[in-house]
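>>> Any chance you can model this:
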Amino acid sequence: MPPISLTVRSIKARPVVLQLKRPVVARIATIAEWPLILIDLFTEEGIIGRSYLEPYTVKTMRYLVPALQDFGDMLRGRRLAPAELYELARKSLHFVGYEGQSMIAVSGLDMAAWDALAKAAGMPLCVLLGGTVGPVKAYNSNGLWLQPPEQLASDAIELRDEGGFEALKIRLGRDRPRDDIAAIETVRRAVGDGIELMADFNQGLNLGEALQRCHMLDNEGLAWIEEPIVYDNLDGYAQLTAEIDTPIQIGENFYGPRALHTALQMGACNLVMPDFMRIGGVTGWLRSAAIAAAWGVPMSTHLYPEVAAHVMRVTETAHWLEWQDWADPILQKPYEIRDGLLYIPDVPGLGLDWNEDAVGRYLMDA
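Okay, here's the model as predicted:
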C-alpha cells in the first residue's frame, strides 16, 4: 500500500536548556548549559514529525524559534514533500542569505519533515531511504575536554566503558603544545593502544600554531586532526592537508552541500563530517553524501546521533558516527549504544518521542 499523502498544518518549536554532565571546555569556549529546540511538525492527517536543533548558545533560540514558527504559517496547507519544503523554506529567506541561522532553521524543518514522511510510510527513515535497520559504528565524544592531562585517565576509562567504545575523541589546544602530547599519552596509557583516538582543536589555533602542533602530532597515530584553525580559512586548510601526514577532518561548519564541494575542490581536507543543522538536515546530507562519494572521501557525522544513524546506513563513504548523549534527558527512549555500535530502533520514522515531564522541567521561559 502506498504511503498516505501528508499536508502541513503547523509547527511548534520549544526551547529547552539542559545541564551537561561533562561541560564543554575548549580553547574557544566553555559551555555548561546545552540548548535544544524541540520541533513538532503537525499534519492534517494526525502524523507528527519530530526533530531538534542544538544551537550552542541559549540566546540563539530567541531567533530560531520564531523562524520555525513562521515556516509553519508559510507552509500551512502544502503537501509534505521534504525536498520541496527545503527549497521553499530556503528561498523564503533568500534576501538574508542561505547560511547561518537561515540554514539552521531550514535544517530543523527538513529533519522533522523526513521523520513525518517515514512515519506515514510505516518504516524507519533508513528503510525509506533505501537501506536497512542495523548498527552504526560510533566513537564517544562526550568528554576528554581541556582538563589537566593527569585528570584524563579516569574520564577516558569511563567513556570507553559506557558503551564498549573502540574510539574516543580528545580535545587539544592547551597553552603548551607538550601538554597536548601529555594528554594523548595519558589517555593511551589508560585505555590501551587498541582504542582509536580522534583529536579536535575546536578552531583554537592560528595557522602558524597549527603547522607546528600538527607536525608534532604526526607521530601520535591519531585517526584525524579536526578543525585546528578557523573553519572558513580553506586556504590554510589546504596547506595543512598538503603538509601534515595525519588526516585533516573538517565539515561541521559547512553550510550546505556546495560548501563541502568547495572544500574538496580546494584540497582543504582528507575527511568530512557535516553537521545536520548546517548542512541542510537529511536533504542536505544526502546531496553532500553524493559529492563525498564521487570524491571517494570518508564521511562522518557531527552531533544528532539519531538522525545520523539512519543516513549513515545509506551513505556510500560512511566512516564514523559521533556519539553524544546530550539530548537523552528529553527523549522517551534514547537509542541503545553497546560494543561501540549505535542501534537504530525498528520503528517508523526516527523514533524520537519527547519525555514531556522532562521537557516541562527544562523549558526555557519566554
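
>>> surely residue 269 meets residue 239?
No. Using CB atoms under 8 Å, residue 269 makes no contact with residue 239, being 11.7 Å away. Glycine gets a C-beta too; all of them are placed from N, C-alpha and C.

>>> For these two, work out which one has more neighbours and name it.
residue 269 (24 against 17; other CB atoms under 10 Å).

>>> Over to that one: give its phi and psi.
Torsion angles at residue 269 (phi, psi; degrees, to the nearest 10) stand at phi -170, psi 160.

>>> now for the longest helix seen in the chain, which elements pack on it?
Taking DSSP state H as the criterion, the chain has its longest helix at helix 101-121. On a contact count with 3 or more CB pairs under 8 Å, 6 or more residues apart in numbering; DSSP states H and E, helix 101-121 meets strand 8-25, strand 30-43, strand 48-53, helix 61-75, helix 82-92, helix 125-128, helix 276-279, helix 281-295.

>>> any idea which of the ones you listed is most buried?
helix 276-279 (a mean of 28; mean count of other CB atoms under 10 Å).

>>> which other residues reach that one?
Residues outside helix 276-279 that contact it (CB atoms under 8 Å, 6 or more residues apart in numbering) are 53-55, 103-104, 107-108, 111, 251-257, 260, 282, 284-285, 288, 301-304, 307-308.

>>> again, but for stretch 220-229
By CB under 8 Å, 6+ apart, stretch 220-229 touches 167, 169, 181, 184, 196-207, 209-210, 213-214, 217, 236-237, 240, 244, 246-250, 252-253, 270-271, 273, 320.

>>> Please parse the chain into its domains.
8-122+356-362, 128-343 (automatic domain parsing).

>>> Now render those domains as JSON lines, adding distance to residue 349.
Formatted as JSON lines, those follow (distance: least, CB to CB, whole Å):
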{"stretch": "domain 8-122+356-362", "distance to residue 349": "4"}
{"stretch": "domain 128-343", "distance to residue 349": "9"}
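
>>> got TSV for these, with mean pLDDT and distance to residue 350 too?
Formatted as TSV, those follow (pLDDT from 0 to 100; distance: least, CB to CB, whole Å):
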stretch	mean pLDDT	distance to residue 350
domain 8-122+356-362	95	5
domain 128-343	97	5
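
>>> just to revisit the earlier point, between the helices and strands packed on helix 101-121, which one is nearest to residue 343?
helix 125-128 (11.7 Å; CB to CB).

>>> and that closest one, what other elements does it pack with?
helix 101-121, helix 305-312.

>>> Identify whichever of those lies nearest to residue 157.
The nearest among these, by CB to CB, is helix 305-312 at 21.7 Å.

>>> who touches that closest one?
51, 111, 124-126, 129, 131, 136, 138, 276, 281-282, 285-286, 289, 301, 318, 321-324, 327, 335, 342, 344, 350-352.

>>> What pairs with the very next helix or strand once past that helix, parallel or antiparallel?
Note on helix 305-312: by DSSP states H and E, the next helix or strand toward the C-terminus is strand 321-323. Using DSSP bridges, the strands paired with strand 321-323 are strand 135-140 (parallel).

>>> What residues sit buried inside the helix or strand following the partner strand?
For strand 135-140, the succeeding helix or strand toward the C-terminus, using DSSP H and E, is helix 152-161. Buried positions in helix 152-161, judged by neighbour count with 16 or more other CB atoms under 10 Å: 152, 155, 156, 159, 160.

>>> Touching, the third one and residue 187? I think so.
Spelled out, that is residue 156. Yes. Contact criterion CB under 8 Å: residue 156 and residue 187 qualify, at 4.5 Å.

>>> Next, show the common contact partners of those two.
What both residue 156 and residue 187 touch, as defined by CB under 8 Å, 6+ apart, is the set 144, 168.

>>> With distance to residue 264 added, can I get the helices and strands packed on helix 101-121 in a markdown table?
Formatted as a markdown table, the helices and strands packed on helix 101-121 follow (distance: least, CB to CB, whole Å):
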| stretch | distance to residue 264 |
| --- | --- |
| strand 8-25 | 29 |
| strand 30-43 | 30 |
| strand 48-53 | 26 |
| helix 61-75 | 29 |
| helix 82-92 | 22 |
| helix 125-128 | 25 |
| helix 276-279 | 14 |
| helix 281-295 | 5 |
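
>>> Out of those, which is closest to residue 174?
Comparing the helices and strands packed on helix 101-121 by CB to CB, strand 8-25 comes nearest, at 10.7 Å.

>>> could you give the angle of the closest one to helix 101-121?
With axes from the mean of the first three to the mean of the last three CA atoms, to 10 degrees applied, the angle from strand 8-25 to helix 101-121 works out at 120 degrees.

>>> Give me the neighbour count for residue 195.
Other residues close to residue 195 by other CB under 10 Å number 19.

>>> Just name whatever secondary elements the one helix or strand residue 260 maps to is in contact with.
Assigned by DSSP H and E, residue 260 falls within helix 257-265. When contacts are defined as 3+ CB pairs under 8 Å, 6+ apart, helix 257-265 packs onto helix 234-243, strand 271-272, helix 281-295.

>>> how about the ones you listed, which one is nearest residue 86?
So among the helices and strands packed on helix 257-265, helix 281-295 is nearest, using CB to CB, at 4.6 Å.

>>> how about residue 4, what does it touch?
45, 120.

>>> Need the helices and strands packed on helix 257-265 in TSV (columns: distance to residue 65).
TSV is the format used below for the helices and strands packed on helix 257-265 (distance: least, CB to CB, whole Å):
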stretch	distance to residue 65
helix 234-243	32
strand 271-272	30
helix 281-295	17
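
>>> just so I know, which of the ones you listed lies nearest residue 45?
Taking the helices and strands packed on helix 257-265 one by one with CB to CB, helix 281-295 is closest: 20.3 Å.

>>> Nothing else from me, thank you.
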